[in-house]
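[1] Mind looking at a prediction? Sequence and model below.
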Amino acid sequence: MEQPAISVVGLSKRFGPVVALDRVDFEVPPGSVFGLLGPNGAGKSTTIRILTTILRPSGGHAEVLGRDVVREPQAVRRLIGLAGQYAAVDQNLTGRENLRLIGKLTHLHRPRIRPRAGELLDRFDLAGAADRPVRTYSGGMRRRLDVAAALVPDPPVLFLDEPTTGLDPQSRNALWELIRELVRDGTTVLLTTQYLEEADRLAERVAVVDEGRIIVDDTPAALKARLGNTVVELDMAAEARAVQAASVLTGRFPEVPEREGTRLRMASRDGSALLLDVLHVLDANGLVPRSVAVRESSLDDVFLALTGHRTAAAPATGAAPTSGAGPTSAAGPQDTSGGTGPGASPGSAPGTSADSARQTARSAPEDTP
Ligand SMILES: Nc1ncnc2c1ncn2[C@@H]1O[C@H](COP(=O)(O)OP(=O)(O)OP(=O)(O)O)[C@@H](O)[C@H]1O
Ligand SMILES: [Mg+2]
C-alpha cells in the first residue's frame with residue numbers, strides 16, 4: 001500500500017487536567033484533502049500543532065511522509081507548510097517583504113525567492129497591496145497572505161487551520177479554488193474547519209471531532225447520505241402545537257421530526273420537496289407554522305444527528321441554533337434557504353463558552369518540545 005502522507009495513531013494530548021486529544025487515529029493519503037471538522041475547543045488546532053512539531057503529544061504516534069513528528073521534527077519541518085489559526089506574518093513588513101523573508105528562512109534557493117513571492121502575491125490577488133505594510137491589510141487580505149506564506153517553500157504537505165474563517169464568500173471561494181489547484185498538483189492538505197459545507201466542498205475525507213475524540217471519519221458523500229444535506233425547520237409558535245405537529249408527521253415520512261421547544265427540524269436529501277409535502281400534511285390538520293425554512297445542514301446538525309447533542313458553542317434553544325452555518329448560507333449555491341428561518345442570518349458569531357476556554361489556552365505558557 002502507498003505510504004500515507006499523514007498517519008496518526010492513538011494520538012493524545014493533555015494540558016494539565018484538560019484532555020485536548022484522546023486517542024485520535026486517522027490517515028491521509030498523498031495528494032488528497034482531509035478535513036477535521038469540529039466546534040470550538042474540539043482539539044483541531046492541537047492536532048495541527050502536534051503534526052507541525054509545535055507541540056509534543058502526551059501519547060500516541062504521528063508521522064508526516066514517514067517522518068516521526070517527535071523524533072524527527074527537523075525533517076518534518078522541511079516537508080510541511082503551516083497557516084495557523086492566528087496570523088503569523090509581521091504586521092510592520094509589507095506583504096512582499098514577508099514572503100521574501102519566509103523564502104530566506106526556509107532556505108529557498110536564492111534566485112527563486114523574488115519570483116516565488118511575486119507569483120504568490122499574484123495568485124492570492126495581493127499584487128496591488130504587495131508593497132503596503134500588512135497592518136494596513138483587511139482581515140481577509142491577512143488571511144490570504146498567511147496561506148501564501150505557508151506555500152513559499154512549496155511544501156508537499158500543507159496544514160491549514162481554519163483557513164477561511166473570517167473571509168467573505170468571494171474570498172472563500174477563491175481560496176477553495178487555490179486549494180483544489182494545489183491538490184491537483186499533488187500537495188496533501190489537512191485543514192480544519194467549523195463549516196460542514198467547506199469540508200464537503202474540499203475534502204475527500206472528513207473526521208468529525210468532539211471533545212478530543214473522532215466521532216466519525218468518512219467521505220462527505222457518506223456523511224450526507226446518512227444525515228441528509230438539507231434541513232427543514234418549522235416554528236409552530238406554541239409548544240403544544242409543535243408536539244401535535246410532530247405526532248402528525250411521525251411515520252408519514254422517512255425523515256423523523258425532532259422537536260425542540262416550539263420548533264421542529266427534519267434532515268433530508270431534498271428539503272424543498274419535503275417542505276412542500278410537510279406543509280400539505282400540516283395544513284390538512286389545521287396546523288400552520290409561524291415560520292418555515294429550508295437550509296443546508298450545519299456542523300450543529302451533524303452533531304445533533306451523531307451525538308444527540310448540539311455543539312458546545314451553539315445555544316441549546318432559542319433563535320440561532322445554526323450559528324456555525326453563517327458563512328455557509330451566505331456562500332452556497334446549493335443554499336435553498338427561504339430567508340425566513342434562523343439559517344438565513346449570515347455571519348452570526350459562534351457562542352462563547354468554549355471561546356473563553358480558548359482565551360485561557362492562549363494566555364497559558366506554550367508547551368514546546
Ligand atoms: N496551551 C494550552 N494550554 C491549556 N489548554 C489548552 C492549550 N491549548 C489548547 N488547550 C485546550 O485544549 C482543548 C482543545 O483546544 P484546540 O485549540 O485544539 O481546539 P480547536 O478545535 O482548535 O478549537 P477552535 O475552533 O476554538 O480553534 C481546549 O479545551 C483548549 O482549551
Ligand atoms: Mg483552533
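    Cool, the structure landed. Numbers count the residues shown, from 1 in each chain. Ligands and ions are numbered 1, 2, ... in the order given.
[2] Could you use CA atoms for every contact and neighbour count after this?
    Will do.
[3] ok, and the closest non-adjacent residue to L65?
    Taking C-alpha to C-alpha, 6 or more residues apart in numbering, and ignoring the residues beside it in sequence, L65 has A5 as its nearest neighbour in space, at 4.6 Å.
[4] wait, doesn't that neighbour sit right on F26?
    No: with contacts counted by C-alpha atoms under 8 Å, A5 stays clear of F26, the gap being 10.9 Å.
[5] Neighbour count for those two, which is higher?
    Set A5 next to F26 and count neighbours by other C-alpha atoms under 10 Å: A5 wins out with 22 against 16.
[6] For ligand 1, see how far away the more buried one is.
    A5 sits at a distance of 21 Å from ligand 1 (criterion: C-alpha to the nearest ligand atom, to the nearest Å).
[7] Could you do R172 as well?
    Noted for R172: a distance of 18 Å to ligand 1, by C-alpha to the nearest ligand atom.
[8] what helices or strands is the host helix or strand of that residue leaning on?
    Under DSSP states H and E, the secondary-structure element containing R172 is helix 169-184. Under the contact definition 3 or more C-alpha pairs under 8 Å, 6 or more residues apart in numbering; DSSP states H and E, helix 169-184 sits against helix 196-202, helix 326-331.
[9] Which parts of this structure are strands?
    Secondary structure of the chain (DSSP state E): strands located at 6-15, 18-28, 33-37, 59-64, 67-68, 80-83, 157-161, 188-193, 205-210, 213-218, 230-235, 258-260, 263-268, 291-296.
[10] Centre of the chain to the fifth one, how far?
    To tie it back to what came earlier, the one meant is strand 67-68. 26 Å (C-alpha atoms, centre = their mean, to the nearest Å).
[11] quick check: mean pLDDT across it?
    Computed over strand 67-68, the mean pLDDT rounds to 98.
[12] Note down every partner strand of it and its orientation.
    As defined by DSSP bridges, the strand partners of strand 67-68 come to strand 59-64 (antiparallel).
[13] what number of residues lie near P111?
    Residue neighbour count, defined by other C-alpha under 10 Å, stands at 8 for P111.
[14] The one 4 residues further on now?
    For P115, the number of neighbouring residues by other C-alpha under 10 Å comes to 11.
[15] roughly how far apart are it and ligand 1?
    34 Å.
[16] For the residue of the stretch 201-350 of the chain found nearest ligand 1, give me its contacts.
    Proximity of the stretch 201-350 of the chain to ligand 1 (C-alpha to the nearest ligand atom) peaks at G212, 6.8 Å away. Contacts for G212 were tallied using C-alpha atoms under 8 Å, 6 or more residues apart in numbering; they are 19-22, 24, 42-43.
[17] Give me the lowest-pLDDT entry from these.
    Out of the contacts of G212, that is A42, at 93.
[18] Any idea how many residues pack against that one?
    Residue neighbour count, defined by other C-alpha under 10 Å, stands at 23 for A42.
[19] Surely it and V18 touch.
    No: contact between A42 and V18 fails when scored by C-alpha under 8 Å: they sit 11.5 Å apart.
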